[in-house]
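Participant: Sequence first, predicted model second:
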Amino acid sequence: MSECHCRVTLTDIEGGSHIVEVKASSLFEAIARALKLKGGSIATDGFRPIKVLVFEPKKEHEVRLKDFMAWLDRQGRSPREVIERRKISEILGVAKNSRLH
């Protein structure tokens, strides 16, 4: 998949929104890039579902951070999935299977 321009909205429990625009080739890569740009530690229970708006072709997604982290921690079932998880772990600066808190 080619890279798409995405707007990622991270909303904390208090309702404060953080909007980040990134280029990514998958939904979870967009989330990882936004989390990295936001900086700081990531508590999986500290956010409401993350919204991702893809500009071309226009799509909007909503993902719970704990679902994103569970996906990242799972084993890839194909070489492509393994590579994608490794790429996203590298974006976040964490080793595969290590939890972010």
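Facilitator: That came in fine, so what should we check first?
Participant: my guess is Ile88 contacts Leu35, does it?
Facilitator: No - under the criterion of CB atoms under 8 Å, Ile88 is not in contact with Leu35, lying 9.8 Å apart. Just so you know, the C-beta spots here come from the backbone N, C-alpha and C atoms, and that holds for glycine as well.
Participant: so which helix or strand takes in the residue nearest in space to the middle of the chain?
Facilitator: Centrality entry for the chain: nearest residue to the mean C-alpha point is Ile31, 2.0 Å, by CA atoms, centre = their mean. Using DSSP states H and E, Ile31 falls within helix 27-38.
Participant: buried sites along that helix?
Facilitator: For helix 27-38, the neighbour count (16 or more other CB atoms under 10 Å) marks 27-35 as buried.
Participant: Ile50: which of the residues you listed is nearest?
Facilitator: Nearest to Ile50 among these, counting by CB to CB, is Ile31 at 5.7 Å.
Participant: Now do the same contact list for that closest one.
Facilitator: 8, 50, 52, 63, 68 (CB atoms under 8 Å, 6 or more residues apart in numbering).
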